[in-house]
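Asker: make a model of this:
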Amino acid sequence: MELPGYRPLYRQVYDIVVGKVAQGVWKPGEALPSEQALARELGVSQGTMRKVLDALTAEKVLERHQGKGTFIAENTQERALFRFFRMVRADGSRVTPDCGAETVKVRASRAVEQQKLDLEKGDRVVEIRRIRLLEGKPAIRETIVLPAALFPGIEARQPLPNTLYSLYQTDFGVNIVAANERLGAEIADAEDHKLLGAPVGAPLLTIDRIALSLQDRKVEWRLSRVYAPHLAYAITLS
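Answerer: Sure, this is the predicted structure:
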């Protein structure tokens, strides 16, 4: 029987490595010390260290390059686009979104945002509203909410890059490693008609996403309304 609060050695080492990445001890793209050196530093067997590195590689936190070593993964623009955006044409080829109009402001958080992002009453958030273009046409209304404490000064960086996750990582030390999404359907309203050209009453795809950083911290709530009748949302299960 495990004692209350007991954590296996593997998990303890995993949490130490994750903590170093989250704290910026190792920067995106930086090579880690060798497996043997890390094992010695943390006082564990090489087998335990390998298990931890294998797990973090599978979770896309680390990357291994044959003959070169293990590196902190970078959320480059292309990587983030293809990892977290899944709209495809009829032939299965992916569509890359571009940025249209954008507004950014800092304000007090609302109750629903506090619940979504585990914030306290009185915490402030950054609200980003963007129109995204698919094949040159307005197709997505995005509302993105971030905890302001994690992204100081981001509102002054306009225009923001096409994908935000690389900016989060390189400038704010926030590494997005997973996203929980809920897909739904809604009817286009007058605002959708104005901004996306969707007929009022037309069906829209909605995507409600919570992005998670290392240690499962909720760092972004993104709500997208998509009008793209000629496209589909595709995922691969394995």
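
Asker: quick one, strands of the protein?
Answerer: For the chain, the strands defined by DSSP state E cover 62-65, 69-72, 87-88, 98-108, 124-134, 137-147, 176-187, 203-213, 218-226, 232-233.

Asker: can I see the domain layout of the chain?
Answerer: The chain breaks down by automatic domain parsing into domains covering 9-72, 77-233.

Asker: could you export those domains as JSON lines, including mean neighbour count and mean pLDDT?
Answerer: Yep, even glycine has a C-beta here, placed from its N, CA and C like the rest. Formatted as JSON lines, the domains of the chain follow (neighbours: other Cβ atoms under 10 Å; pLDDT from 0 to 100):
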{"stretch": "domain 9-72", "mean neighbour count": "15", "mean pLDDT": "85"}
{"stretch": "domain 77-233", "mean neighbour count": "16", "mean pLDDT": "90"}
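
Asker: any chance you could spot the residue sitting in the middle of this protein?
Answerer: residue 176 (3.9 Å; Cα atoms, centre = their mean).

Asker: quickly list what that residue is bridged to.
Answerer: residue 213 (DSSP bridges).

Asker: again, but for residue 146
Answerer: residue 126.

Asker: okay, the strands of the chain in CSV with distance to residue 52 next?
Answerer: Shown next, in CSV, are the strands of the chain (distance: least, Cβ to Cβ, whole Å):
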stretch, distance to residue 52
strand 62-65, 10
strand 69-72, 11
strand 87-88, 35
strand 98-108, 38
strand 124-134, 33
strand 137-147, 28
strand 176-187, 15
strand 203-213, 18
strand 218-226, 23
strand 232-233, 34
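
Asker: for those strands, which one sits closest to residue 39?
Answerer: The closest of the strands of the chain to residue 39 is strand 69-72. By Cβ to Cβ, the value is 12.8 Å.

Asker: check which helices and strands that closest one is in contact with.
Answerer: strand 62-65 (3 or more Cβ pairs under 8 Å, 6 or more residues apart in numbering; DSSP states H and E).

Asker: return the distance of stretch 131-143 from the chain's centre.
Answerer: 19 Å (Cα atoms, centre = their mean, to the nearest Å).

Asker: show me the contact partners of that stretch.
Answerer: With contact meaning Cβ atoms under 8 Å, 6 or more residues apart in numbering, stretch 131-143 is reached by 87, 95, 97-102, 127-130, 191-192, 195-197, 222-228, 231.

Asker: straight-line length of that stretch, end to end?
Answerer: End-to-end distance of stretch 131-143 (Cα to Cα, to the nearest Å): 9 Å.

Asker: roughly how far does the spatially closest residue to residue 225 that is not a sequence neighbour sit from residue 20?
Answerer: Excluding its sequence neighbours, the residue lying closest to residue 225 (Cβ to Cβ, 6 or more residues apart in numbering) is residue 141, at 4.4 Å. Relative to residue 20, residue 141 is positioned 38 Å away (Cβ to Cβ, to the nearest Å).

Asker: since that was my last question, I'll sign off now.
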